[in-house]
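Undergrad: Return atomic coordinates for the entry below.
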Amino acid sequence: MKYDVCGIGNALVDMEFKVDDSFFTENNIEKGLMTLVEEDRQKELIEKLHLANTDELKRQCGGSAANTVIAVSQFGGKSFYQFKIANDETGHFYLNNMKENGVDTKNRESELPNGTTGKCMVMVSSDAERTMNTFLGITGSLDTEQIDEEAIKNSKWIYIEGYLVASPTGQKAAVKAREIAQKNGVKTSLTMSDPNMVKFFKENMKEIIGDGLDLIFCNEHEAMDFTETNNILEARELMKKFAKTFVITQGKNGALIWNGDMFVDIEAHKVVALDSNGAGDMFAGAFLYGITNGHSFASAGALASYASSKVVSQYGPRLDWTQAKDVLKNSNAN
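TA: Take a look at the predicted model:
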């Protein structure tokens, strides 16, 4: 196989800001969730932050699944990403940043369509929680044209971003990617991405899952909302109907993995959390790298837990290349 993981998801340039809770109250922002906004609203909020002398911490190519496939690449795996960007400065930045991170794509600078590339405004509060206001731009029209059938066929796994359920065309693209994978013996995985995606687009999520996937990533809230239960013990039993294996992340309590035969508890690493943005994406990336490179589910879970603890102890959703190599060296996963 040419690729360990072939991802499909939104292409968003992440702009990260450090904010106080008062900013959410004053600007009627729902804390801790991803909210889709229009471009004018996003510009308004950014201007308010600049007026308050709140500078942007960093800018980088992002989107949930993008962070995951980049993590796979940084750990030494091979990854491919299917996405949609526009022929603007932000789009060219995105494509070059993706290449710098070692991820292959079929997108070419000379062939980019007119439009506006999506941007995600990530606001990190003092309790390390991340709140996102996202203007999808052209990624909101991601469709089956972005699917690269050959890349899927030449991958061990596909990884589908749950945020695609919010777009009718993105939904169809995700279903098509899953169908191509299943037809060609490629293993299928999905991240539920955000509680709001499960709350408002549950039937769309079920359509992507179809008759069942090989692996689902979710957190406790998403698992309980999706299975319509009030406790994690019931939720984890019902999740078996939708996937052969699954990972339920539990924040400071680590993670719970169903490996197809038994539940495996993964311990969290105690750290001072500064920014939870990207923790789930990193967990999925490290886990997928692990299981495609000879690790057991328990070992891959240990690696993923350690990697995500490193991400939350700094600002930004990703590690750099040196940090990724150090994580592999020091994770005690084998």
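
Undergrad: so what's Val19 closest to, chain neighbours aside?
TA: Distances taken as CB to CB, 6 or more residues apart in numbering place Met123 nearest to Val19, at 4.6 Å, with adjacent residues excluded. Backbone N, C-alpha and C define where each C-beta goes, glycine included.

Undergrad: Report how many residues lie close to that neighbour.
TA: Around Met123 there are 24 other residues, counting by other CB atoms under 10 Å.

Undergrad: Quick check on it: phi, psi?
TA: Backbone torsions of Met123, given as degrees, to the nearest 10, read phi -110, psi 120.

Undergrad: State the distance from it to Met34.
TA: Separation of Met123 from Met34 (CB to CB, to the nearest Å): 11 Å.

Undergrad: and if you look at Ala307?
TA: From Ala307 to Met34 the distance is 22 Å (CB to CB).

Undergrad: ok, the two, which is more surrounded?
TA: A direct count of neighbours by other CB under 10 Å for Ala307 and Met34 places Ala307 higher, at 28 against 20.

Undergrad: Please name the nearest non-neighbouring residue to that one.
TA: Ala286 (4.0 Å).

Undergrad: In a helix, the one you found, correct?
TA: Yes. Applying DSSP: H, G, I helix; E, B strand; the rest coil, one finds Ala286 inside a helix.

Undergrad: For burial, what's the neighbour tally of it?
TA: By the criterion of other CB under 10 Å, Ala286 has 33 neighbours.

Undergrad: All further residue positions should be reported with the first residue as 396.
TA: Fine by me, first position is 396 from now on; the one you just mentioned is Ala681.

Undergrad: Quick one: distance of the host helix or strand of Glu632 to the chain centre.
TA: Using DSSP states H and E, Glu632 maps to helix 627-633. Helix 627-633 sits 23 Å away from the centroid of its parent chain (CA atoms, centre = their mean, to the nearest Å).

Undergrad: how about the next helix or strand after it: buried residues?
TA: Per DSSP H and E, the first helix or strand lying C-terminal to helix 627-633 is strand 638-644. Of the residues in strand 638-644, 638, 640-644 count as buried by neighbour count, 16 or more other CB atoms under 10 Å.

Undergrad: ok, back up a step: is the residue nearest to Val414 in a bridge, and if so with what?
TA: Taking DSSP bridges as the rule, Met518 bridges to Phe412, Thr526.

Undergrad: I am finished for the moment; much appreciated.
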